[in-house]
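1. sharing a model that was predicted from the sequence below.
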Amino acid sequence: MKKTLTVLLIEDSEDYAALVQLWLSQRTDIVYTVHWAASLKAGLNRLRQGGVDVILLDLGLPDSKGLDTFTRIRLHGSGVPVLLLSADQSDQLALQTVLDGAQDFIVKQDCDGESLPKAIQFAVVRAAHQAERTGDLPGDRAPVIGVMGVQGGVGTTTIACNLAVELRRQTGKKTLVADLDLEGGMVGFLMNAESKYSVLDAARNVDRLDVSFWEGVIAAGSGEVDVLGSPSVPGVAEPDASSLQHMLSTIRKLYSWIVVDMGRLSGFSLGLLESMTELILVTTTTVPALYQARRAIATLRKAGIEEDRLKLAVNQLFKTQQLFGSQFDDVFDVPIHASFSAAGQELHDACVRKQPPGKHSDFRVQMAGLARRTAGLPEEPKNIISRFFSFSEKPPKVELAGAARVRGSVTPRRSNL
C-alpha cells in the first residue's frame, strides 16, 4: 500500500465533499490528497490529467445520473478503482455496478471516518491484484488521437493514415488506425487493407472483444499498421456513441497508438470527443475551409474540449494558396500544430503504388515531424534531403488571398499577391 493516495472525489454536495475530506485528513497511516470535482465533466477533465489512485463517485450529479455516470467514468478511468457513493440503498443497483466493475458500493448514510478509509485501501489493493493477474496496469493504455476535418475534401483520411504509419515507424510500437467516417470507407483503400468486418461489428460485439476475436475483425495494412475499417455504405445507421467509446476503451490495452479518422465535424463525431486523448483538426487554406475552421473551433470549445487537446493542422493542397504560421495566427487565435505543403502528385503516386509516400518526400518528412511531436520525440535533424517546414524561419510577407486578418470572422478583401 502506498503511503500517499490521490483521491478524485466526484460529488456535487459541497457539504458532503467537505465531510469526506475531513474524514480522510484524520488518518495518520496514509496521507490522502483529495481532488474534488462537482460534476461529471469536471471529474473527467481531472481524470485525464492522470495521477489518480482511486475515484469516489456520486451517481447523482448535475450532468449525469445513475448507471450512466459510472459507465462514463469506467470508460475513461484506465483501470483506476472506483468506489460508488449513493443515497440509494437499492441492492439491485449495488449488485449491477459491482458486476460492471465497481470496487465497492457505499451507502452515504452508512459511511463514516472509519469505514471510508478502509474501503479505499481495500479497493486499491484489490485493483492492484486484479491488474497483476490480467496485466492491465492503470495508465498502461494507448493514446487515442482523433483526426477531424472542418469539411470534406481537406485530406483528413490521408493525414490519419499517414500519421498512423509514421507513429509505427518512428516509435516501433504497435499501432491501429480506425475508420469512424462510416460512409467514406477510404481508410481501408489508402492502407491497402481488406476485411469483411468493420468498426460496426466491433462495436456490436464489444463484450466479446478478447484478443482472438479482435484479430478476426482487423486487417493488416501498409506500414505494419492494423486497420479497423468502416462499412462504407451510404446511409448506414450510426451506432450508439457509448458502444464505440466502450470499444475504444477496451482495445487501448492492445496498442501503443490508436489513430481515429473521425471524418468531418458532426453531431456523431462530437459524441466521441471524450474518448480522444487529443484531436487534430484539419483545414486547408481556401477561404471556405478557413471559415468552416473558425466555426469548428467555436463548436469544439462549446462542447468542452480543452485547449491542450485541440491541435490544428493546415493541409496546403494548392501551391497558389500557401499560408504561413504567423498569418494563420492572424486569422485564428489558436496556434498551428502542423503544416503540410502541396503534395498532390506524390500522394497520387503513393495511391497507385498502394504504399506510403517516399521516405524523403516533403509530405513524408513533414508527417514524420508531426508523429515525433505526438510521441514526444525530439525532431530529426534537418539536412538537404529532408527539408522540414518550420515556422521559426521567417517567410516572405504574404497576404491571405480572399480573407482579411480577423479573429471573429472571415471577410473578403483584395489580394496583395
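-> Perfect, I can see it now. Residues are numbered from 1 along each chain as shown.
2. correct me if wrong: Q26 contacts G113.
-> Yes: in this structure Q26 lies within contact range of G113 using Cβ atoms under 8 Å: 5.8 Å. Placement of C-beta: from N, CA and C, glycine included.
3. neighbour count: those two, which is higher?
-> The neighbour count for Q26 versus G113, taken as other Cβ atoms under 10 Å, is higher for G113 (14 against 11).
4. tell me the pLDDT at that one?
-> Looking at G113, its pLDDT stands at 90.
5. what helices or strands is the longest helix along the chain leaning on?
-> Longest helix of the chain, by residue count under DSSP state H: helix 115-134. Judged by 3 or more Cβ pairs under 8 Å, 6 or more residues apart in numbering; DSSP states H and E, helix 115-134 is in contact with strand 4-10, helix 14-25, strand 54-58, strand 82-86, strand 104-107.
6. tell me the helix or strand right after it.
-> Later in the chain than helix 115-134, the nearest helix or strand by DSSP states H and E is strand 144-149.
7. so what's the gap between that following strand and the chain middle?
-> Distance of strand 144-149 from its chain centroid, counting by Cα atoms, centre = their mean, to the nearest Å, is 7 Å.
8. that one pairs with which strands?
-> strand 257-264 (parallel), strand 278-283 (parallel) (DSSP bridges).
9. show me what contacts the closest residue to V233 other than its chain neighbours?
-> Closest residue to V233 apart from its sequence neighbours, by Cβ to Cβ, 6 or more residues apart in numbering: E183 at 6.9 Å. E183 is in contact with S230, S232, V233, P234, G235, V236, G263, counting by Cβ atoms under 8 Å, 6 or more residues apart in numbering.
10. and the residues you listed as TSV, adding neighbour count, distance to Q21 and secondary structure?
-> Output for the contacts of E183, formatted as TSV (neighbours: other Cβ atoms under 10 Å; distance: Cβ to Cβ, whole Å; DSSP: H, G, I helix; E, B strand; the rest coil):
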residue	neighbour count	distance to Q21	secondary structure
S230	22	47	coil
S232	17	52	coil
V233	12	53	coil
P234	9	54	coil
G235	6	53	coil
V236	14	49	coil
G263	23	44	strand
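11. columns distance to D53 and mean pLDDT on top of the strands paired with strand 144-149, output as CSV?
-> Converted to CSV, the strands paired with strand 144-149 look like this (distance: least, Cβ to Cβ, whole Å; pLDDT from 0 to 100):
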stretch, distance to D53, mean pLDDT
strand 257-264, 25, 94
strand 278-283, 24, 94
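12. out of these, which is closest to L209?
-> Nearest to L209 among the strands paired with strand 144-149 is strand 257-264; the distance by Cβ to Cβ comes to 13.7 Å.
13. got the domain boundaries for the protein?
-> Domain assignment for the chain by automatic domain parsing gives 4-134, 144-375.
14. determine which stretch of the ones you listed is the most buried.
-> Among those, domain 144-375 has the highest mean neighbour count (mean count of other Cβ atoms under 10 Å), at a mean of 19.
15. what's the end-to-end length of it?
-> 12 Å (Cα to Cα, to the nearest Å).
16. number the chain from 28, please
-> Understood, numbering begins at 28; the last thing we discussed is domain 171-402.
17. distance between it and the chain's centre?
-> Worked out by Cα atoms, centre = their mean, domain 171-402 lies 11 Å from the chain centre.
18. which one of the helices and strands packed on helix 142-161 lies nearest to D228?
-> D228 sits nearest to strand 109-113 of all these, at 29.1 Å, using Cβ to Cβ.
19. contacts for the following helix or strand past the closest one next, please.
-> Moving toward the C-terminus from strand 109-113, the next helix or strand (DSSP H and E) is helix 118-126. If you take Cβ under 8 Å, 6+ apart as the criterion, helix 118-126 is touched by L86, G93, L94, F97, L111, S113, D131, F132.
20. run the last query once more with 6 Å
-> Under the criterion Cβ atoms under 6 Å, 6 or more residues apart in numbering, residues F97, L111, F132 lie in contact with helix 118-126.
21. export these to JSON lines and append columns for distance to I147 and pLDDT.
-> Compiled in JSON lines, those are given as follows (distance: Cβ to Cβ, whole Å; pLDDT from 0 to 100):
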{"residue": "F97", "distance to I147": "17", "pLDDT": "83"}
{"residue": "L111", "distance to I147": "12", "pLDDT": "89"}
{"residue": "F132", "distance to I147": "14", "pLDDT": "86"}
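22. re the thing from before, between the helices and strands packed on helix 142-161, which one is nearest to L71?
-> That would be strand 31-37 among the helices and strands packed on helix 142-161, by Cβ to Cβ, at 8.8 Å.
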